[in-house]
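[1] Take this sequence and fold it.
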Amino acid sequence: MEKLRARCYLRVSTDEQAKEGFSLAAQEEKCKQFIEFHDWTYDGVYKDDGYSGKDLKRPAMQRLLNDAKQKEFDILVVYRLDRLTRSVVDLHYLLDLFDKHKIKFKSATEPYETTSAIGRLFVSIVGSIAQWERENLAERVRMGMERRAAEGKWNGSAIPYGYRLEGDRLVIEPEEAELVRRIFSMYKQYGMDTIANKLNDEGLKTRKGKHWDPNVIKYMLSNPIYIGRMVWGRKTRSEAITIDGAAPAIISEEEFQEAQRIMKKRLSMPARGKSDTSDYIFAGILSCGYCGRKLHGANRRGTYYYCCSNRYKNWKNCPMPRVNERAVIQEVFRVIDFVADNDEIEPEQEEKQDASSRRQELEKQLEAIKKRRKKRLMAFENEIITLEELRERNREDAEKEEKIFRELEELSGSDEEALDKETFLSYVQDLRQLWPQMDRREQKKLIQTIFRDIVIVEAPNQPKYPGRHGLKKVNIVDYVLNT
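    Numbers count the residues shown, from 1 in each chain. Below is the predicted model:
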């Protein structure tokens, strides 16, 4: 019968090298005697000289792990269990690896082994301890991060725009901080979409060299770090830690609170009302006749355009081209003339689900997604799921959230009061006369008073590149009047 191949693992840390009995030579001699006594074949040795046993990041240990996976030996012998590792989690990992590849484990001076029933019982006990260790690891890490946060130290997440990290504390980055102040100032007059468009039109980029996004603007406007206040734990605990003076303030407390009041007011408006802060006359009104998505405004050298949000993400998603605002106005006047000439205004009445009930249902779904994210984060911290699984499931929920927010926006206009017929007709009939005398904000308010929705497509049979010879025309294929 062929003898079992036995290899030794030896380790000393720097402060143990001088201690009698822990030298590499002494460990190796004891292990060789143990192997000879059991009539195994001595097949080699792994030596880590001057390495701690706190983790498995040791050269010889990494070679051992690779050889074990290739089943290059049958038994591993150590002088003492703590030479292998001092971490119960790592010990469980090693024993599980050895068991998977049918490699036995022995200690030359202790009763720890996996070649008998009592040895396997020991492995089970170690596994239970390792599970307890994992369950408490996340709590210990969190407590450490809470301590750091309470001391005003940065906890390793992305550095907020406007700051840089010196040591473990935030300091102001002057050029970025100036733009932060400008964004808070612009928010008093403009919405997040408009601010992002203006910054992009100026050729300004984020720290990563990307275009500004309204969600990034919203995060900045909501982040109390800009008044020097760190709020930590909002995503992982119900009770957050708030530390004033954790960073030098970029804006004043008054400016920050004013931004929060404006945001709360605008978010409480109906979907169309959110666009009241923008310069775009048809903001929140225009819909794409091809895919049904809303069109958002853009300004290029003083010329106003509208783009399908679906095509904006990927031009292959929708054939709707970018349309000039003047072309939309011309078509709107044509529809207005038609409406004004017809005294009997009977908008189509569609069967609708109770908006309030549906809104509550959607809000419950959003809350469920929020709770799922919290549970997944805990599962990741406890090593129950991988980072890839965490990202994939969060990506799926993000797509669901987008659909829910879109439906909430569509429902938000359902509670608005409609105009009576006489008032409505007076707006329609006076539009052409009033239009030239109005500024853009007044024009937009009038359009939103008359229309709930305008669905457009590109007009057929027109030059592909009209240039100076005329605008590229559009057709209104459907509309909903605000009556």
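
[2] From residue 122, how far out is the closest residue to residue 108 other than its chain neighbours?
    Once flanking residues are discounted, residue 108 sits nearest to residue 34: 4.0 Å by Cβ to Cβ, 6 or more residues apart in numbering. C-betas here are computed from N, CA, C, even on glycine. Applying Cβ to Cβ, to the nearest Å, the value for residue 34 to residue 122 is 18 Å.

[3] Which one of these two is surrounded by more residues?
    residue 34 (19 against 16; other Cβ atoms under 10 Å).

[4] does that one sit in a helix, a strand or a coil?
    Under DSSP: H, G, I helix; E, B strand; the rest coil, the three-state class of residue 34 is helix.

[5] what ranges do the helices span in the stretch 101-250 of the chain?
    117-150, 174-186, 192-201, 214-222 (DSSP state H, counting those that start in this stretch).

[6] got the buried residues for the shortest one?
    Put plainly, it is helix 214-222. The neighbour-count check on helix 214-222 (16 or more other Cβ atoms under 10 Å) flags 216-218, 220-221 as buried.

[7] can you give me how far that helix is from the chain middle?
    13 Å (Cα atoms, centre = their mean, to the nearest Å).

[8] Which elements pack onto it?
    helix 174-186, helix 192-201, helix 253-267 (3 or more Cβ pairs under 8 Å, 6 or more residues apart in numbering; DSSP states H and E).

[9] Redo these as JSON lines? Include mean neighbour count and mean pLDDT.
    Formatted as JSON lines, the helices and strands packed on helix 214-222 follow (neighbours: other Cβ atoms under 10 Å; pLDDT from 0 to 100):
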{"stretch": "helix 174-186", "mean neighbour count": "16", "mean pLDDT": "93"}
{"stretch": "helix 192-201", "mean neighbour count": "20", "mean pLDDT": "86"}
{"stretch": "helix 253-267", "mean neighbour count": "14", "mean pLDDT": "83"}
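
[10] Let me have the ones you listed in a markdown table, extended by distance to residue 116.
    Formatted as a markdown table, those follow (distance: least, Cβ to Cβ, whole Å):
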| stretch | distance to residue 116 |
| --- | --- |
| helix 174-186 | 65 |
| helix 192-201 | 68 |
| helix 253-267 | 67 |
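
[11] and residue 67, what is it in contact with?
    Contact analysis of residue 67 by Cβ atoms under 8 Å, 6 or more residues apart in numbering lists 7, 73.

[12] now it: how far from residue 60?
    10 Å.

[13] And the pLDDT for the residue nearest to residue 108?
    Looking at residue 34, its pLDDT is 93.

[14] The one 4 residues further on now?
    We have a pLDDT of 90 for residue 38.

[15] how about the helices in the stretch 301-450 of the chain?
    Using DSSP H, counting those that start in this stretch, the helices of the stretch 301-450 of the chain run over 309-313, 325-340, 355-381, 387-412, 421-429, 431-434, 440-450.

[16] Ranked by average pLDDT, which of the ones you listed falls at the bottom?
    Mean pLDDT per stretch puts helix 421-429 lowest among those, at a mean of 63.

[17] low-confidence ranges in the stretch 101-250 of the chain?
    112-115, 117, 120, 123-124, 126-157, 232-241 (pLDDT under 70).

[18] circling back: OK, contacts around the residue nearest to residue 108?
    77, 106, 108.
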